[in-house]
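Trainee: just to be clear, the model below is a prediction. Sequence and coordinates:
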Amino acid sequence: MNDLIYQTIVSQKKAGKKSFAVLIDPDKTDEESLSRLLQLCSLAKVDYLLVGGSLVVSNHLDAVVKQIKKQSPIPVILFPGTPSQVSRHADALLYLSLISGRNPELLIGQHVISAPFVRQSGLEIISTGYMVIDGGAPTTVSYISNASPIPGNKGEIAICTAMAGEMLGMKLIYMDAGSGAEKPISEDMINGVSNAIHIPLVVGGGICDPEKAYLNGKAGADIIVVGNAIEKDQSLIMEISDAVHSVPVRF
Ligand code: 1GP
């Protein structure tokens, strides 16, 4: 199994460079709007395309990934909300364990079931400690996972959870306030977590303007993920990408 994408993420982190990932929910796109989105992502120098959703009720994940691979050189990373969201046409898959929750199914149970076909897919697998942070309103991810999120003002819980994830051997920590969160994760929490771990930190959920994306990068997020806001206004892609890429290097 190659680890090209992960190595890129790590070397960007080492160089102090921030990356911008656009989240594409296969349920909320069609061929034409995806085509437009991909053009904008290329122009804006988006670093990664994350594909997935908490539910994915349509069955065109494969078609969406194939279209992206045909039209865009940007790496495609699957961000599966359920174990069935695997497409061998992508470049990598975030193998998520919901370490902020106490639901054994999402910590390890579903992984046991999906392990053989995840391995068979030949995808680059990136073991990811997934932490849901309270974003002010119940989100699909907290409902589906049947697990309480970490309170937004409990930085020390987030720090200890991320540290545990790293020491258990996870390669990435993804802190998520959930898609469309009312309150994105505070810079304070991002800063605390980022200072406590050595592995790359992904942050997303409710980020809807370039300022917040910039501040998240400055606070220590290595990859900033935006989905919902871009679905509503594609012109944000360029502004947010510029903001993320303009975060000064800090070692
Ligand atoms: C959700 O982190 C992602 O899992 C992105 O959230 O859709 O709110 O940008 P948004």
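Mentor: Noted; the coordinates are in hand. Numbering: from 1, shown residues only.
Trainee: tell me the confidence at the spatially closest residue to Ile190 that is not a sequence neighbour?
Mentor: What sits nearest to Ile190 in space, not counting adjacent residues and going by C-beta to C-beta, 6 or more residues apart in numbering, is Ala219, at 4.0 Å. Placement of C-beta: from N, CA and C, glycine included. At Ala219, the pLDDT value in this model is 98.
Trainee: burial count for Ala219?
Mentor: Ala219 has 21 neighbouring residues, counting by other C-beta atoms under 10 Å.
Trainee: one more: the one 5 residues further on?
Mentor: When neighbours are defined as other C-beta under 10 Å, Ile224 has 27 of them.
Trainee: correct me, but it touches Ala213?
Mentor: Yes. Contact criterion C-beta atoms under 8 Å: Ile224 and Ala213 qualify, at 5.0 Å.
Trainee: shared neighbours, these two?
Mentor: In terms of C-beta atoms under 8 Å, 6 or more residues apart in numbering, Ile224 and Ala213 are both contacted by the residues Phe20, Ile207, Ile240, Val244.
Trainee: so what pLDDT did the residue of the stretch 101-250 of the chain found nearest the ligand get?
Mentor: Closest contact between the stretch 101-250 of the chain and the ligand, by C-beta to the nearest ligand atom, is at Gly204 (2.4 Å). At Gly204, the model reports a pLDDT of 98.
Trainee: so it bridges to which residues?
Mentor: Asp176, Val225 (DSSP bridges).
Trainee: which residues touch it?
Mentor: By C-beta under 8 Å, 6+ apart, Gly204 lies in contact with Ala21, Leu23, Tyr174, Met175, Asp176, Ala177, Ile224, Val225, Val226, Gly227.
Trainee: state the helix or strand in which the residue of the chain most remote from its centre lies.
Mentor: What lies farthest from the middle of the chain is Glu32; by C-alpha atoms, centre = their mean that is 24.0 Å. Glu32 belongs to helix 31-43 when elements are defined using DSSP states H and E.
Trainee: that helix: how far from the chain's middle?
Mentor: Counting by C-alpha atoms, centre = their mean, to the nearest Å, helix 31-43 is centred 19 Å from the centre of its parent chain.
Trainee: what does stretch 242-251 contact?
Mentor: 15-20, 44-45, 210-211, 213-214, 217-218, 224.
Trainee: right, is it up against the ligand?
Mentor: No. Using C-beta under 6 Å from any ligand atom, we find that stretch 242-251 stays clear of the ligand, coming within 13.1 Å at best.
Trainee: and the residue nearest to Glu124 when sequence neighbours are not counted, how many residues sit next to it?
Mentor: Spatial nearest neighbour of Glu124, chain neighbours left out: Ala92 (3.9 Å); criterion: C-beta to C-beta, 6+ apart. Residues near Ala92, counting by other C-beta under 10 Å, number 22.
Trainee: and if you look at Val249?
Mentor: 8.
Trainee: tell me the secondary structure at it.
Mentor: coil (DSSP: H, G, I helix; E, B strand; the rest coil).
Trainee: for the residue farthest from the centre of the chain, give me its contacts.
Mentor: Contacts of Glu32 (C-beta under 8 Å, 6+ apart): none.
Trainee: and it, how close does it get to the ligand?
Mentor: 21 Å (C-beta to the nearest ligand atom, to the nearest Å).
Trainee: quick one: name the residues of the chain near the ligand.
Mentor: 23, 176, 179-181, 204-207, 225-229.
Trainee: return the distance of Ser35 relative to Asn103.
Mentor: From Ser35 across to Asn103, the span is 38 Å (C-beta to C-beta, to the nearest Å).
Trainee: ok, and what's touching the helix or strand just after the helix holding Glu32?
Mentor: Sequence order places strand 48-51 as the next helix or strand after helix 31-43, per DSSP H and E. Outside strand 48-51, the residues that touch it by C-beta under 8 Å, 6+ apart are 5, 19-24, 26, 41, 61, 64-65, 68, 72, 74-79, 87, 90, 94, 223, 225, 227.
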